[in-house]
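1. Here's a sequence, model it:
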Amino acid sequence: MTKIVTTVAELRTALAQLKPARIGMVPTMGALHDGHVSLVTEARKHADHVVVSIFVNPTQFAPGEDFDAYPRTLDADLKKLGDGAAIVFTPTAREMYPEGFATTVTVGGPSKGLESDFRPHFFAGVATVVAELLIAALPDIAVFGEKDYQQLLVIKRLVHDLGLPVQIIGAPTLREADGLALSSRNAYLSIDERRIAASLNLILKDAIAAARGGGNLRAAEAAAIEALWKAGFSHVDYVAIRDAETLDHITALERPARILAAVKIGKTRLIDNMAIA
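-> Numbering: from 1, shown residues only. Now for the predicted structure:
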């Protein structure tokens, strides 16, 4: 039976009762969908018990972003998890950021550019809360989705640099039948916007084909951006082909690479990425 805890003290007490079993963790912001469930399934491959955290983290939202509107569906989330999680950790903002909280974790390296160019606050908020969660639970492994690829690399860098004793595992992006990456924000899309959103993955695949065919990488990016505008997206933040391990700029496919994109349809912002080579 899943145990629900709301404080770090309760979490540690519940985890102590499971030791010396191997513990996995899946941090989430709730509004769970099949993509989140796939992360829990992946965690269970590597651990005896899984902790799922559900916390809409205020520090990764800037003023004017969708923090207040972000869906909070705890009852539905618990039902979605079923018996997949041994413990569900649902802290309040006051629990994670008590009065006087004055620490921020900043990660360089893979956090530079891309998302940081448009959401400069984002990765400090993510790194701080993930560090708190990992220190609170001290899991053996933690699973994060490749859909948030830059975030995944930032968390790997964080754990490596701080010497946290946890293995970070990236899980493949789960997609709808038409290829749209699963996201809690997909629920914001109207019927017409949802139709436009489905073209994102197809346009990225065309860019990958152009890059693999020996074309100029900058030309492939530019063609994808133009195609996204023509498809009806209201804004294109970026389409970038980068080194898959560092997210450094590259000019040729000489080692594993990744194409990453961020777009808007109306007020909804979507991100996606795919491996190239």
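2. Going by C-alpha atoms from here, please, whenever you check contacts or count neighbours.
-> Noted.
3. Domains of this protein: list them as residue ranges, please.
-> Structural domains annotated on the chain: 3-171, 184-275, as defined by automatic domain parsing.
4. now those domains in a markdown table, with mean pLDDT and distance to Asp178?
-> Formatted as a markdown table, those follow (pLDDT from 0 to 100; distance: least, C-alpha to C-alpha, whole Å):
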| stretch | mean pLDDT | distance to Asp178 |
| --- | --- | --- |
| domain 3-171 | 97 | 15 |
| domain 184-275 | 97 | 6 |
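5. Of all those, which one is nearest Ala177?
-> domain 184-275 (9.5 Å; C-alpha to C-alpha).
6. Need the domains of the chain in TSV (columns: mean neighbour count and distance to Ala177).
-> As requested, the domains of the chain are exported to TSV (neighbours: other C-alpha atoms under 10 Å; distance: least, C-alpha to C-alpha, whole Å):
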stretch	mean neighbour count	distance to Ala177
domain 3-171	18	13
domain 184-275	18	10
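7. how about Gly24, secondary structure?
-> State at Gly24, reduced to three classes by DSSP: H, G, I helix; E, B strand; the rest coil: strand.
8. so who does it touch?
-> 43-44, 46-51, 139-143 (C-alpha atoms under 8 Å, 6 or more residues apart in numbering).
9. please redo it, this time with the cut-off set to 6 Å
-> Gly24 is in contact with 43, 47, 50, 139-142, counting by C-alpha atoms under 6 Å, 6 or more residues apart in numbering.
10. Tell me which of those residues fall in helices.
-> Counted as lying in helices by DSSP state H, out of those, are Ala43.
11. possible to save the contacts of Gly24 as a markdown table with distance to Ala9?
-> Shown next, in a markdown table, are these (distance: C-alpha to C-alpha, whole Å):
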| residue | distance to Ala9 |
| --- | --- |
| Ala43 | 23 |
| Ala47 | 22 |
| Val50 | 17 |
| Pro139 | 15 |
| Asp140 | 19 |
| Ile141 | 20 |
| Ala142 | 20 |
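12. Quick check: Pro172 vs Asp140, distance?
-> 20 Å (C-alpha to C-alpha, to the nearest Å).
13. Oh, that last question was meant for Phe123, not what I typed.
-> 23 Å.
14. ok, now Asp178?
-> Distance check for Asp178 against Asp140: by C-alpha to C-alpha, it reads 35 Å.
15. Could you do Glu193 as well?
-> Glu193 is 40 Å from Asp140, by C-alpha to C-alpha.
16. And for Gly30?
-> Distance, Gly30 to Asp140, by C-alpha to C-alpha: 22 Å.
17. Restricting to C-alpha, output stretch 82-100 in CSV.
-> C-alpha atoms of stretch 82-100 as CSV (Å, rounded to 0.1, in the frame of the first residue of the first chain):
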residue,chain,number,x,y,z
GLY,A,82,-1.6,2.7,-8.5
ASP,A,83,0.8,0.6,-6.5
GLY,A,84,3.8,1.6,-8.5
ALA,A,85,5.2,3.8,-5.7
ALA,A,86,5.9,2.7,-2.2
ILE,A,87,6.0,6.3,-1.0
VAL,A,88,4.5,9.5,-2.4
PHE,A,89,6.1,12.7,-1.0
THR,A,90,3.8,15.7,-1.3
PRO,A,91,5.5,18.6,0.5
THR,A,92,4.2,22.1,0.8
ALA,A,93,6.2,25.1,-0.4
ARG,A,94,6.8,26.0,3.2
GLU,A,95,8.3,22.5,3.8
MET,A,96,10.7,22.9,0.9
TYR,A,97,11.4,26.6,1.4
PRO,A,98,11.0,27.3,5.1
GLU,A,99,11.1,30.9,6.4
GLY,A,100,14.7,32.2,6.0
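18. contacting residues around it?
-> Residues outside stretch 82-100 that contact it (C-alpha under 6 Å, 6+ apart) are 2-7, 49-54.
19. would you turn the residues you listed into CSV with distance to Ala198 and secondary structure?
-> Below are the contacts of stretch 82-100 laid out as CSV (distance: C-alpha to C-alpha, whole Å; DSSP: H, G, I helix; E, B strand; the rest coil):
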residue, distance to Ala198, secondary structure
Thr2, 36, coil
Lys3, 38, strand
Ile4, 36, strand
Val5, 38, strand
Thr6, 37, coil
Thr7, 40, coil
His49, 36, strand
Val50, 32, strand
Val51, 32, strand
Val52, 29, strand
Ser53, 30, strand
Ile54, 28, strand
